[in-house]
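Asks: Quick one, fold the following:
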Amino acid sequence: MVTQTSGRTVGPKLLAASSLLIASLPGLALAEDDWQQCQRADVKALKVFTVGEAALYRQDCNVDDLLSPPLKLAFRYFREVPGDAFAKAAMHFLEKNLDEARFNRLQPELAEFNRYYQDVDDGDRYTMTYEEGGLTLRLNDQTLTQQAGDDFARAYLSIWFGPSPYSAAMKESLLGQR
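Replies: Numbering: from 1, shown residues only. Just a heads-up that it's a prediction; the model follows:
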């Protein structure tokens with residue numbers, strides 16, 4: 001493949017190298033949708049083993065409520081994690097953070113959302129994007145599922161930001177409280 005640009009012929013190796021350079025520059029990877037990383041935190045299993053990192057992104061980090069939409073919560077993993085572990089942990093923390101009536105009302109949608117989790121390996125990245133009207137789950141930038149409803153999105157985010165979160169230290173770090 002050869003591409004014409006500004007009257008010059010560019011070969012595939014130069015195009016690939018240019019793409020890698022641009023993608024590696026800080027801030028340019030998110031420039032297309034203007035997401036800023038507000039905070040980051042380690043993700044620990046059993047409160048001891050670091051299995052990844054989490055980051056909270058917003059279009060503007062200087063807001064009163066970091067959890068108001070739109071926001072993106074991203075998790076990058078450093079090791080293998082089975083997909084069913086995500087689903088089981090999600091339901092456990094949802095049940096801990098939601099009152100019984102709300103949990104029971106949302107349970108079908110929660111179970112449906114959780115069935116899209118897949119096994120991850122070192123370098124894989126899950127993102128959850130909360131925009132007005134719902135929550136989108138992606139793995140390595142591929143959309144897996146979307147669930148409508150602000151109540152659903154806020155309920156689901158309680159896994160990390162509710163009164164009994166997955167990790168209090170991670171919650172505090174992501175909210176800039178540490």
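Asks: Identify the residue nearest P70 in space, chain neighbours excluded?
Replies: Spatially, and ignoring its direct neighbours in sequence, P70 is nearest to E131 (4.6 Å; Cβ to Cβ, 6 or more residues apart in numbering). C-beta coordinates here come from the backbone N, C-alpha and C atoms, glycine included.
Asks: Helices of the protein, start to end?
Replies: Taking DSSP state H as the criterion, the chain contains helices spanning 12-24, 83-97, 100-114, 150-161, 168-174.
Asks: and of those, who's closest to D60?
Replies: helix 168-174 (16.1 Å; Cβ to Cβ).
Asks: Using neighbour counts, pick out the buried residues of the closest one.
Replies: Of the residues in helix 168-174, 170-171, 173-174 count as buried by neighbour count, 16 or more other Cβ atoms under 10 Å.
Asks: repeat for stretch 87-106
Replies: Those would be 87, 89-91, 93-94, 97-98, 103, 106, for stretch 87-106 by 16+ other Cβ under 10 Å.
Asks: Please export the C-alpha coordinates of it as PDB.
Replies: C-alpha atoms of stretch 87-106 as PDB (Å, rounded to 0.1, in the frame of the first residue of the first chain):
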ATOM      1  CA  ALA A  87     -19.400 -11.200  37.400                       C
ATOM      2  CA  LYS A  88     -19.300 -12.800  40.800                       C
ATOM      3  CA  ALA A  89     -17.500  -9.900  42.400                       C
ATOM      4  CA  ALA A  90     -19.800  -7.400  40.800                       C
ATOM      5  CA  MET A  91     -23.000  -9.100  42.100                       C
ATOM      6  CA  HIS A  92     -21.400  -9.400  45.600                       C
ATOM      7  CA  PHE A  93     -20.600  -5.700  45.800                       C
ATOM      8  CA  LEU A  94     -23.900  -4.600  44.200                       C
ATOM      9  CA  GLU A  95     -25.800  -6.600  46.800                       C
ATOM     10  CA  LYS A  96     -23.700  -5.000  49.600                       C
ATOM     11  CA  ASN A  97     -24.200  -1.400  48.300                       C
ATOM     12  CA  LEU A  98     -27.800  -1.400  47.200                       C
ATOM     13  CA  ASP A  99     -30.800  -1.700  49.400                       C
ATOM     14  CA  GLU A 100     -32.700  -4.900  48.900                       C
ATOM     15  CA  ALA A 101     -35.600  -3.400  46.900                       C
ATOM     16  CA  ARG A 102     -33.300  -1.700  44.500                       C
ATOM     17  CA  PHE A 103     -31.100  -4.700  44.100                       C
ATOM     18  CA  ASN A 104     -34.100  -7.000  43.400                       C
ATOM     19  CA  ARG A 105     -35.500  -4.500  40.900                       C
ATOM     20  CA  LEU A 106     -32.300  -4.100  39.000                       C
END
